[in-house]
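Asks: need a structure here:
(one chain, ligands or ions: 2)
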Amino acid sequence: MNVRRMRTENGTLIFRIPPDQVSSPEAAALLSEAAALLRSGETVVFPTETVYGLGAVASSPEAVRKIFAAKGRPGDNPLIVHIWEPEQLFAVGTRVPDTGAVLARHFWPGPLTLVVPVGPDIVPEVTAGLSTVGVRLPAHPVALALLRQVGLPVAAPSANLSGRPSPTTAEHAVHDLDGRVAAIIDSGPTAVGLESTVLDITLFPPTVLRPGGITREELEDLLGMGIAEQLSAPPGQKPRSPGQKYTHYKPKAQVRMVQGTAEIRLAENPGPGAVAGTRRVAVPDFAPLAQAVWDRCVRERRRSQHPAILATEETLPYYWACGARWESLPPVFTGPLVPAGAGKELEGVWLFNLGSRADLHQIAAHLYTCLRLLDAVDATVAFAEQVPAQGIGAAVMNRLRRACGGLVWDPLAGSESEAGSPGF
Ligand code: AMP
Ligand code: MG
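Replies: Ligands and ions are numbered 1, 2, ... in the order given. All right, here's what the predicted structure looks like:
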(Lines give C-alpha, C1' and ligand atoms only; values in the text may rest on other atoms or scores of the structure.)
(Ligands and ions follow the chains in the order given, each with its own letter.)
Protein backbone atom coordinates (compact mmCIF):
# COMPACT_ATOMS: atom_id res chain seq x y z
CA MET A 1 0.00 0.00 0.00
CA ASN A 2 1.45 3.35 -1.05
CA VAL A 3 0.68 6.87 0.05
CA ARG A 4 -2.02 8.21 -2.29
CA ARG A 5 -4.44 11.10 -2.63
CA MET A 6 -7.78 10.57 -4.34
CA ARG A 7 -11.23 12.13 -4.43
CA THR A 8 -14.50 10.21 -4.57
CA GLU A 9 -17.27 11.16 -7.01
CA ASN A 10 -19.10 12.66 -4.05
CA GLY A 11 -16.23 15.02 -3.32
CA THR A 12 -14.70 13.38 -0.24
CA LEU A 13 -10.89 13.33 -0.28
CA ILE A 14 -9.23 9.99 0.42
CA PHE A 15 -5.72 10.13 1.87
CA ARG A 16 -4.09 6.73 1.92
CA ILE A 17 -1.38 6.67 4.58
CA PRO A 18 -0.02 3.24 5.60
CA PRO A 19 1.05 3.45 9.26
CA ASP A 20 4.61 2.40 8.44
CA GLN A 21 4.96 5.29 5.97
CA VAL A 22 3.67 8.00 8.29
CA SER A 23 7.08 9.70 8.36
CA SER A 24 7.51 9.87 4.58
CA PRO A 25 7.41 13.31 2.90
CA GLU A 26 4.35 12.20 0.88
CA ALA A 27 2.47 11.30 4.07
CA ALA A 28 3.55 14.54 5.75
CA ALA A 29 2.05 16.53 2.86
CA LEU A 30 -1.30 14.72 3.16
CA LEU A 31 -1.30 15.03 6.95
CA SER A 32 -0.81 18.79 6.75
CA GLU A 33 -3.64 19.02 4.23
CA ALA A 34 -5.89 17.01 6.58
CA ALA A 35 -4.80 19.12 9.57
CA ALA A 36 -5.55 22.31 7.64
CA LEU A 37 -9.04 21.01 6.84
CA LEU A 38 -9.66 20.32 10.53
CA ARG A 39 -8.30 23.72 11.57
CA SER A 40 -10.60 25.41 9.05
CA GLY A 41 -13.60 23.76 10.72
CA GLU A 42 -14.05 20.76 8.43
CA THR A 43 -14.54 17.11 9.39
CA VAL A 44 -11.88 14.45 8.75
CA VAL A 45 -12.12 10.70 9.35
CA PHE A 46 -8.92 9.25 10.81
CA PRO A 47 -7.73 5.83 12.00
CA THR A 48 -7.17 4.94 15.65
CA GLU A 49 -6.21 1.61 17.19
CA THR A 50 -9.86 0.98 18.16
CA VAL A 51 -12.08 2.10 15.25
CA TYR A 52 -12.03 4.96 12.72
CA GLY A 53 -13.01 8.33 14.23
CA LEU A 54 -14.89 11.26 12.68
CA GLY A 55 -13.01 14.31 13.88
CA ALA A 56 -13.56 18.06 14.21
CA VAL A 57 -11.75 20.55 16.44
CA ALA A 58 -13.28 20.45 19.91
CA SER A 59 -13.16 24.24 20.38
CA SER A 60 -15.45 25.12 17.47
CA PRO A 61 -19.22 24.72 17.86
CA GLU A 62 -19.78 24.91 14.08
CA ALA A 63 -17.17 22.25 13.38
CA VAL A 64 -18.54 19.93 16.07
CA ARG A 65 -22.09 20.34 14.76
CA LYS A 66 -20.87 18.98 11.42
CA ILE A 67 -20.00 15.71 13.16
CA PHE A 68 -23.56 15.31 14.44
CA ALA A 69 -24.95 16.22 11.00
CA ALA A 70 -22.68 13.79 9.12
CA LYS A 71 -23.48 10.88 11.44
CA GLY A 72 -27.12 11.66 12.08
CA ARG A 73 -26.15 11.45 15.76
CA PRO A 74 -28.59 12.61 18.45
CA GLY A 75 -27.34 15.88 19.93
CA ASP A 76 -27.49 14.55 23.50
CA ASN A 77 -24.85 11.86 22.87
CA PRO A 78 -21.45 13.37 23.75
CA LEU A 79 -18.16 12.98 21.86
CA ILE A 80 -14.74 11.81 23.02
CA VAL A 81 -11.95 14.40 22.86
CA HIS A 82 -8.67 13.13 21.39
CA ILE A 83 -5.32 14.47 22.59
CA TRP A 84 -1.70 13.64 21.73
CA GLU A 85 0.11 14.39 25.01
CA PRO A 86 -1.07 13.06 28.40
CA GLU A 87 -0.72 16.49 30.08
CA GLN A 88 -3.53 17.79 27.87
CA LEU A 89 -5.93 15.79 30.07
CA PHE A 90 -5.57 18.61 32.60
CA ALA A 91 -6.45 21.29 30.02
CA VAL A 92 -9.38 19.51 28.39
CA GLY A 93 -10.60 18.46 31.82
CA THR A 94 -10.37 20.21 35.14
CA ARG A 95 -10.04 19.09 38.78
CA VAL A 96 -8.97 15.68 37.43
CA PRO A 97 -9.07 13.05 40.21
CA ASP A 98 -5.65 11.57 41.13
CA THR A 99 -6.52 8.26 39.52
CA GLY A 100 -6.53 10.12 36.18
CA ALA A 101 -2.77 10.62 36.13
CA VAL A 102 -2.14 7.02 37.22
CA LEU A 103 -4.42 5.58 34.55
CA ALA A 104 -3.10 7.92 31.85
CA ARG A 105 0.51 7.06 32.62
CA HIS A 106 -0.20 3.36 32.42
CA PHE A 107 -2.73 3.00 29.62
CA TRP A 108 -2.03 5.93 27.26
CA PRO A 109 -1.58 5.86 24.40
CA GLY A 110 -4.31 3.23 24.35
CA PRO A 111 -8.00 2.31 24.18
CA LEU A 112 -9.11 3.94 27.45
CA THR A 113 -11.38 7.00 27.62
CA LEU A 114 -11.37 8.86 30.94
CA VAL A 115 -14.50 10.79 31.91
CA VAL A 116 -13.45 13.84 33.96
CA PRO A 117 -15.01 17.24 34.83
CA VAL A 118 -14.96 19.38 31.67
CA GLY A 119 -12.58 22.33 31.29
CA PRO A 120 -13.48 25.76 29.88
CA ASP A 121 -12.05 25.28 26.36
CA ILE A 122 -14.40 22.50 25.35
CA VAL A 123 -17.63 23.72 23.80
CA PRO A 124 -20.94 22.33 25.14
CA GLU A 125 -21.69 20.76 21.73
CA VAL A 126 -18.92 18.23 22.49
CA THR A 127 -20.22 17.19 25.89
CA ALA A 128 -23.90 17.48 24.98
CA GLY A 129 -24.13 19.98 27.81
CA LEU A 130 -22.81 17.55 30.46
CA SER A 131 -20.44 18.74 33.17
CA THR A 132 -17.99 15.98 32.22
CA VAL A 133 -15.88 15.20 29.17
CA GLY A 134 -14.47 11.94 27.80
CA VAL A 135 -10.74 12.18 26.92
CA ARG A 136 -8.48 9.74 25.12
CA LEU A 137 -4.94 9.53 23.75
CA PRO A 138 -5.04 7.04 20.85
CA ALA A 139 -2.26 4.55 20.12
CA HIS A 140 -2.02 5.00 16.38
CA PRO A 141 0.91 6.69 14.63
CA VAL A 142 -1.29 8.33 11.98
CA ALA A 143 -3.79 9.64 14.53
CA LEU A 144 -0.99 11.05 16.69
CA ALA A 145 0.78 12.66 13.72
CA LEU A 146 -2.49 14.25 12.64
CA LEU A 147 -3.41 15.53 16.11
CA ARG A 148 0.07 17.00 16.58
CA GLN A 149 -0.25 18.86 13.27
CA VAL A 150 -3.69 20.19 14.15
CA GLY A 151 -2.34 21.42 17.47
CA LEU A 152 -5.81 21.41 19.05
CA PRO A 153 -7.83 18.68 20.79
CA VAL A 154 -10.11 16.93 18.31
CA ALA A 155 -13.57 15.64 19.18
CA ALA A 156 -14.32 12.35 17.45
CA PRO A 157 -17.01 9.70 17.75
CA SER A 158 -16.81 6.56 15.63
CA ALA A 159 -16.98 7.31 11.89
CA ASN A 160 -20.22 5.45 11.14
CA LEU A 161 -23.79 6.54 10.56
CA SER A 162 -25.50 6.63 13.93
CA GLY A 163 -26.75 3.19 14.97
CA ARG A 164 -24.55 1.24 12.54
CA PRO A 165 -21.50 -0.84 13.51
CA SER A 166 -18.37 1.25 14.02
CA PRO A 167 -15.92 1.28 11.09
CA THR A 168 -12.81 -0.85 11.41
CA THR A 169 -11.64 -0.15 7.86
CA ALA A 170 -11.65 3.03 5.77
CA GLU A 171 -14.01 1.26 3.34
CA HIS A 172 -16.60 1.03 6.14
CA ALA A 173 -16.27 4.79 6.71
CA VAL A 174 -16.51 5.54 2.97
CA HIS A 175 -19.63 3.37 2.80
CA ASP A 176 -21.33 5.37 5.54
CA LEU A 177 -19.91 8.88 5.12
CA ASP A 178 -18.83 9.42 1.50
CA GLY A 179 -19.89 12.95 0.51
CA ARG A 180 -20.73 13.79 4.13
CA VAL A 181 -17.17 14.54 5.33
CA ALA A 182 -14.28 16.54 3.85
CA ALA A 183 -11.68 13.77 3.98
CA ILE A 184 -11.06 10.18 5.05
CA ILE A 185 -7.57 8.94 5.96
CA ASP A 186 -7.16 5.28 5.02
CA SER A 187 -4.53 3.43 7.07
CA GLY A 188 -5.92 -0.08 6.71
CA PRO A 189 -7.80 -2.17 9.28
CA THR A 190 -7.72 -1.08 12.93
CA ALA A 191 -6.01 -3.34 15.46
CA VAL A 192 -8.46 -3.57 18.36
CA GLY A 193 -11.69 -3.45 16.38
CA LEU A 194 -13.95 -2.36 19.27
CA GLU A 195 -14.34 1.09 20.79
CA SER A 196 -12.39 2.27 23.81
CA THR A 197 -13.30 1.43 27.37
CA VAL A 198 -15.13 4.45 28.86
CA LEU A 199 -14.23 4.87 32.54
CA ASP A 200 -15.89 7.54 34.67
CA ILE A 201 -13.34 8.59 37.29
CA THR A 202 -15.57 11.30 38.75
CA LEU A 203 -17.37 8.44 40.53
CA PHE A 204 -16.08 6.34 43.40
CA PRO A 205 -15.25 3.63 42.74
CA PRO A 206 -14.34 4.45 39.13
CA THR A 207 -17.10 3.10 36.92
CA VAL A 208 -16.94 1.50 33.47
CA LEU A 209 -19.68 3.00 31.31
CA ARG A 210 -18.68 1.04 28.22
CA PRO A 211 -16.44 -2.05 28.15
CA GLY A 212 -13.73 -1.96 25.50
CA GLY A 213 -10.12 -2.49 24.58
CA ILE A 214 -8.82 -2.15 28.15
CA THR A 215 -10.40 -4.81 30.32
CA ARG A 216 -11.93 -4.41 33.75
CA GLU A 217 -9.36 -6.90 35.06
CA GLU A 218 -6.48 -4.67 33.83
CA LEU A 219 -8.03 -1.58 35.46
CA GLU A 220 -8.56 -3.36 38.77
CA ASP A 221 -5.01 -4.70 38.75
CA LEU A 222 -3.53 -1.26 38.28
CA LEU A 223 -5.76 0.61 40.74
CA GLY A 224 -5.68 -2.16 43.31
CA MET A 225 -9.40 -1.88 43.93
CA GLY A 226 -12.67 -3.15 42.58
CA ILE A 227 -14.24 -0.95 39.94
CA ALA A 228 -17.92 -0.66 39.23
CA GLU A 229 -19.70 -1.21 35.96
CA GLN A 230 -22.76 0.63 34.78
CA LEU A 231 -23.54 -0.42 31.24
CA SER A 232 -27.18 0.62 31.32
CA ALA A 233 -29.08 3.12 33.37
CA PRO A 234 -30.81 1.59 36.41
CA PRO A 235 -34.62 1.72 35.96
CA GLY A 236 -35.98 5.19 36.58
CA GLN A 237 -32.53 6.77 36.59
CA LYS A 238 -30.98 9.09 34.03
CA PRO A 239 -28.17 7.39 32.03
CA ARG A 240 -24.68 8.45 33.10
CA SER A 241 -23.40 7.85 29.63
CA PRO A 242 -25.93 9.06 27.09
CA GLY A 243 -24.68 6.34 24.73
CA GLN A 244 -26.48 3.89 27.03
CA LYS A 245 -29.80 5.12 25.68
CA TYR A 246 -29.23 4.19 22.08
CA THR A 247 -29.36 0.90 20.23
CA HIS A 248 -26.03 0.52 18.55
CA TYR A 249 -24.16 -1.75 16.20
CA LYS A 250 -27.28 -3.08 14.58
CA PRO A 251 -27.14 -4.68 11.14
CA LYS A 252 -30.36 -4.87 9.12
CA ALA A 253 -30.76 -8.58 9.86
CA GLN A 254 -32.49 -9.61 13.05
CA VAL A 255 -29.66 -11.15 15.04
CA ARG A 256 -30.15 -13.62 17.89
CA MET A 257 -27.55 -14.82 20.33
CA VAL A 258 -27.40 -18.58 20.62
CA GLN A 259 -27.68 -19.60 24.26
CA GLY A 260 -25.22 -22.22 25.42
CA THR A 261 -22.41 -21.20 23.10
CA ALA A 262 -20.50 -19.08 25.62
CA GLU A 263 -19.59 -22.28 27.41
CA ILE A 264 -18.00 -24.03 24.44
CA ARG A 265 -14.64 -25.33 25.53
CA LEU A 266 -11.73 -26.12 23.29
CA ALA A 267 -10.20 -29.58 23.22
CA GLU A 268 -7.04 -30.84 21.62
CA ASN A 269 -8.57 -33.98 20.12
CA PRO A 270 -10.43 -33.43 16.83
CA GLY A 271 -14.20 -33.88 16.98
CA PRO A 272 -16.62 -34.92 14.23
CA GLY A 273 -16.25 -33.03 10.97
CA ALA A 274 -13.00 -31.42 12.04
CA VAL A 275 -11.05 -29.87 9.22
CA ALA A 276 -7.56 -31.17 8.65
CA GLY A 277 -5.13 -28.70 10.11
CA THR A 278 -7.43 -27.25 12.82
CA ARG A 279 -5.49 -27.11 16.02
CA ARG A 280 -8.42 -27.35 18.33
CA VAL A 281 -12.08 -28.12 18.05
CA ALA A 282 -15.06 -27.58 20.25
CA VAL A 283 -15.93 -30.34 22.66
CA PRO A 284 -18.08 -33.00 20.95
CA ASP A 285 -21.30 -32.02 22.69
CA PHE A 286 -21.44 -28.92 20.51
CA ALA A 287 -22.80 -31.09 17.69
CA PRO A 288 -26.48 -31.06 18.78
CA LEU A 289 -26.39 -27.30 19.26
CA ALA A 290 -24.89 -26.78 15.80
CA GLN A 291 -27.51 -29.09 14.36
CA ALA A 292 -30.32 -27.11 16.00
CA VAL A 293 -28.93 -23.83 14.65
CA TRP A 294 -28.51 -25.32 11.19
CA ASP A 295 -32.04 -26.79 11.21
CA ARG A 296 -33.44 -23.41 12.14
CA CYS A 297 -31.52 -21.81 9.26
CA VAL A 298 -33.04 -24.37 6.91
CA ARG A 299 -36.52 -23.54 8.23
CA GLU A 300 -35.84 -19.84 7.79
CA ARG A 301 -34.78 -20.53 4.18
CA ARG A 302 -38.11 -22.24 3.54
CA ARG A 303 -39.82 -19.11 4.86
CA SER A 304 -37.88 -17.12 2.22
CA GLN A 305 -35.53 -15.63 4.79
CA HIS A 306 -31.79 -15.22 4.17
CA PRO A 307 -30.14 -16.81 7.19
CA ALA A 308 -26.58 -16.40 8.39
CA ILE A 309 -24.51 -17.83 11.23
CA LEU A 310 -21.76 -15.94 13.02
CA ALA A 311 -19.54 -18.83 14.01
CA THR A 312 -15.98 -19.29 15.19
CA GLU A 313 -13.05 -21.04 13.61
CA GLU A 314 -13.41 -24.06 15.88
CA THR A 315 -17.17 -24.47 15.43
CA LEU A 316 -17.43 -23.96 11.65
CA PRO A 317 -16.79 -27.65 10.85
CA TYR A 318 -19.83 -28.63 12.91
CA TYR A 319 -22.14 -26.56 10.70
CA TRP A 320 -20.48 -27.91 7.59
CA ALA A 321 -21.16 -31.38 8.86
CA CYS A 322 -24.86 -30.53 9.29
CA GLY A 323 -25.05 -29.03 5.83
CA ALA A 324 -23.56 -32.15 4.35
CA ARG A 325 -26.39 -34.25 5.74
CA TRP A 326 -28.98 -31.81 4.59
CA GLU A 327 -28.08 -31.43 0.92
CA SER A 328 -25.46 -34.10 0.20
CA LEU A 329 -22.51 -31.76 0.17
CA PRO A 330 -19.10 -33.37 0.31
CA PRO A 331 -19.07 -34.98 3.77
CA VAL A 332 -16.20 -32.87 5.03
CA PHE A 333 -15.13 -29.49 3.77
CA THR A 334 -11.47 -30.06 3.16
CA GLY A 335 -10.43 -26.74 1.66
CA PRO A 336 -8.48 -24.12 3.54
CA LEU A 337 -10.27 -22.55 6.46
CA VAL A 338 -12.38 -19.60 5.47
CA PRO A 339 -10.18 -16.62 6.27
CA ALA A 340 -11.26 -15.06 9.52
CA GLY A 341 -13.68 -12.23 8.93
CA ALA A 342 -14.85 -13.67 5.62
CA GLY A 343 -17.85 -15.84 4.89
CA LYS A 344 -18.98 -18.72 2.76
CA GLU A 345 -22.46 -19.54 1.52
CA LEU A 346 -23.48 -23.15 1.95
CA GLU A 347 -26.85 -24.12 0.52
CA GLY A 348 -28.25 -20.67 1.02
CA VAL A 349 -26.96 -20.29 4.57
CA TRP A 350 -24.15 -17.79 5.09
CA LEU A 351 -21.45 -18.86 7.49
CA PHE A 352 -19.12 -16.21 8.86
CA ASN A 353 -15.97 -16.84 10.79
CA LEU A 354 -15.48 -14.41 13.67
CA GLY A 355 -12.05 -15.87 14.43
CA SER A 356 -10.58 -18.31 16.88
CA ARG A 357 -12.00 -18.86 20.35
CA ALA A 358 -8.40 -19.33 21.44
CA ASP A 359 -7.85 -15.59 20.74
CA LEU A 360 -10.75 -13.34 21.72
CA HIS A 361 -8.76 -10.32 20.50
CA GLN A 362 -9.07 -11.72 17.00
CA ILE A 363 -12.85 -12.05 17.43
CA ALA A 364 -13.02 -8.44 18.68
CA ALA A 365 -11.08 -7.28 15.62
CA HIS A 366 -13.45 -9.07 13.20
CA LEU A 367 -16.82 -8.52 14.84
CA TYR A 368 -17.86 -5.31 13.08
CA THR A 369 -16.68 -6.52 9.69
CA CYS A 370 -18.86 -9.60 10.15
CA LEU A 371 -21.85 -7.50 11.25
CA ARG A 372 -21.41 -5.34 8.15
CA LEU A 373 -21.05 -8.43 5.95
CA LEU A 374 -24.51 -9.51 7.12
CA ASP A 375 -25.82 -6.41 5.37
CA ALA A 376 -23.58 -6.94 2.34
CA VAL A 377 -25.08 -10.41 1.71
CA ASP A 378 -28.63 -9.21 2.51
CA ALA A 379 -29.03 -11.52 5.47
CA THR A 380 -32.44 -11.08 7.08
CA VAL A 381 -31.93 -13.32 10.10
CA ALA A 382 -28.69 -14.27 11.82
CA PHE A 383 -27.56 -16.43 14.71
CA ALA A 384 -24.50 -15.38 16.65
CA GLU A 385 -22.41 -17.58 18.89
CA GLN A 386 -21.48 -16.14 22.26
CA VAL A 387 -17.98 -16.00 23.69
CA PRO A 388 -16.89 -16.08 27.35
CA ALA A 389 -17.38 -12.60 28.85
CA GLN A 390 -13.85 -12.43 30.19
CA GLY A 391 -11.17 -9.90 29.30
CA ILE A 392 -11.90 -8.42 25.88
CA GLY A 393 -14.74 -10.99 25.63
CA ALA A 394 -16.81 -8.71 27.90
CA ALA A 395 -16.66 -5.97 25.26
CA VAL A 396 -17.43 -8.44 22.47
CA MET A 397 -20.51 -9.70 24.32
CA ASN A 398 -21.63 -6.15 25.12
CA ARG A 399 -21.59 -5.22 21.41
CA LEU A 400 -23.22 -8.50 20.39
CA ARG A 401 -26.05 -7.98 22.89
CA ARG A 402 -26.70 -4.59 21.37
CA ALA A 403 -26.53 -5.95 17.82
CA CYS A 404 -29.13 -8.53 18.90
CA GLY A 405 -31.31 -5.92 20.59
CA GLY A 406 -31.28 -8.30 23.59
CA LEU A 407 -32.74 -11.28 21.65
CA VAL A 408 -31.46 -14.61 22.93
CA TRP A 409 -32.47 -17.99 21.51
CA ASP A 410 -32.01 -21.24 23.39
CA PRO A 411 -32.07 -23.90 20.65
CA LEU A 412 -32.02 -26.91 22.95
CA ALA A 413 -34.82 -25.62 25.18
CA GLY A 414 -36.61 -24.30 22.09
CA SER A 415 -37.27 -20.99 23.80
CA GLU A 416 -36.59 -17.40 22.94
CA SER A 417 -36.23 -14.51 25.31
CA GLU A 418 -35.67 -10.85 25.27
CA ALA A 419 -32.89 -10.70 27.81
CA GLY A 420 -33.67 -8.07 30.44
CA SER A 421 -30.85 -5.66 30.41
CA PRO A 422 -27.90 -6.91 32.40
CA GLY A 423 -24.94 -5.46 30.59
CA PHE A 424 -27.05 -4.23 27.71
P1 AMP B 1 -18.53 6.86 20.10
O2 AMP B 1 -17.25 7.58 19.98
O3 AMP B 1 -19.48 7.08 18.97
O4 AMP B 1 -18.29 5.39 20.28
O5 AMP B 1 -19.29 7.40 21.38
C6 AMP B 1 -18.61 7.87 22.52
C7 AMP B 1 -19.11 7.17 23.75
O8 AMP B 1 -18.53 7.73 24.93
C9 AMP B 1 -20.62 7.29 23.90
O10 AMP B 1 -21.13 6.06 24.38
C11 AMP B 1 -20.78 8.38 24.93
O12 AMP B 1 -22.00 8.29 25.61
C13 AMP B 1 -19.55 8.16 25.80
N14 AMP B 1 -19.16 9.44 26.41
C15 AMP B 1 -18.50 10.44 25.83
N16 AMP B 1 -18.36 11.48 26.68
C17 AMP B 1 -18.97 11.13 27.82
C18 AMP B 1 -19.21 11.78 29.08
N19 AMP B 1 -18.79 13.01 29.31
N20 AMP B 1 -19.86 11.12 30.02
C21 AMP B 1 -20.29 9.88 29.80
N22 AMP B 1 -20.12 9.20 28.65
C23 AMP B 1 -19.48 9.83 27.65
MG1 MG C 1 -20.04 5.12 18.04
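Asks: make it CA atoms for all contacts and neighbour counts henceforth
Replies: Noted.
Asks: Does the residue of the stretch 301-424 of the chain found nearest ligand 1 lie in a helix or a strand, and which?
Replies: Nearest residue of the stretch 301-424 of the chain to ligand 1, counting by C-alpha to the nearest ligand atom: residue 399, 11.2 Å away. Using DSSP states H and E, residue 399 sits in helix 393-403.
Asks: tell me which strands and helices that helix is in contact with?
Replies: If you count contacts as 3 or more C-alpha pairs under 8 Å, 6 or more residues apart in numbering; DSSP states H and E, helix 393-403 packs onto strand 254-258, helix 360-376.
Asks: can we see that at 10 Å?
Replies: Helices and strands touching helix 393-403, by 3 or more C-alpha pairs under 10 Å, 6 or more residues apart in numbering; DSSP states H and E, are strand 207-210, strand 254-258, helix 360-376, strand 381-385, strand 407-410.
Asks: In CSV: those, plus mean pLDDT and distance to residue 125.
Replies: Formatted as CSV, the helices and strands packed on helix 393-403 follow (pLDDT from 0 to 100; distance: least, C-alpha to C-alpha, whole Å):
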stretch, mean pLDDT, distance to residue 125
strand 207-210, 96, 20
strand 254-258, 96, 33
helix 360-376, 90, 28
strand 381-385, 97, 37
strand 407-410, 95, 34
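Asks: Does residue 117 touch residue 129 like I think?
Replies: No: checked against C-alpha atoms under 10 Å, the pair residue 117 and residue 129 is beyond contact range at 11.8 Å.
Asks: more neighbours, those two?
Replies: Ranked by neighbour count (other C-alpha atoms under 10 Å), residue 117 and residue 129 place residue 117 first, with 21 against 15.
Asks: and that one, that one's in a strand?
Replies: Yes: counting by DSSP: H, G, I helix; E, B strand; the rest coil, residue 117 is part of a strand.
Asks: for it, what are its contacts?
Replies: 90, 92-97, 130-134, 200-202 (C-alpha atoms under 10 Å, 6 or more residues apart in numbering).
Asks: can you do 8 Å?
Replies: By C-alpha atoms under 8 Å, 6 or more residues apart in numbering, the contact list for residue 117 reads 93-96, 131-133, 202.
Asks: pLDDT weak spots in the stretch 1-150 of the chain?
Replies: For the stretch 1-150 of the chain, no stretch is flagged by pLDDT under 70.
Asks: For it, what lies in contact range of ligand 1?
Replies: For the stretch 1-150 of the chain, the residues in contact with ligand 1 (C-alpha under 6 Å from any ligand atom) are 77-80, 115, 127, 132-134.
Asks: Among these, find me the one that's closest to residue 206.
Replies: residue 115 (9.6 Å; C-alpha to C-alpha).
Asks: re earlier: counting neighbours, which of the contacts of residue 117 end up buried?
Replies: 93, 96, 132-133, 202 (16 or more other C-alpha atoms under 10 Å).
Asks: Quick one: closest of the helices and strands packed on helix 393-403 to residue 183.
Replies: That would be helix 360-376 among the helices and strands packed on helix 393-403, by C-alpha to C-alpha, at 21.7 Å.
Asks: That closest one and ligand 1, any residue contact?
Replies: No: Helix 360-376 is not in contact with ligand 1 by C-alpha under 6 Å from any ligand atom; minimum separation 12.9 Å.
Asks: Who are the packing partners of that helix?
Replies: So helix 360-376, by 3+ C-alpha pairs under 8 Å, 6+ apart, packs with helix 393-403.
Asks: gap between the helix it packs on and the chain center?
Replies: 9 Å (C-alpha atoms, centre = their mean, to the nearest Å).
Asks: And the contacts of it?
Replies: 194, 210-213, 215, 247-251, 255, 257, 360-361, 363-364, 367, 384, 386-389, 407, 423-424.
Asks: Near residue 21, how many residues? Count them for me, please.
Replies: 17.
Asks: now it, nearest residue through space, not along the chain?
Replies: What sits nearest to residue 21 in space, not counting adjacent residues and going by C-alpha to C-alpha, 6 or more residues apart in numbering, is residue 27, at 6.8 Å.
Asks: In which helix or strand does the one you found reside?
Replies: helix 25-39.
Asks: Over to residue 142?
Replies: helix 141-150.
Asks: Check which element follows that helix along the chain.
Replies: Sequence order places strand 154-155 as the next helix or strand after helix 141-150, per DSSP H and E.
Asks: That next one pairs with which strands?
Replies: Sheet pairing of strand 154-155 (DSSP bridges) gives strand 53-57 (antiparallel), strand 80-82 (antiparallel).
Asks: The residue in the stretch 51-200 of the chain that ligand 1 sits nearest to: how many residues sit nearby?
Replies: The stretch 51-200 of the chain approaches ligand 1 most closely through residue 157 (3.1 Å), counting by C-alpha to the nearest ligand atom. Look at residue 157: counted by other C-alpha under 10 Å, it has 26 neighbours.
Asks: From residue 255, how far off is it?
Replies: Separation of residue 157 from residue 255 (C-alpha to C-alpha, to the nearest Å): 25 Å.
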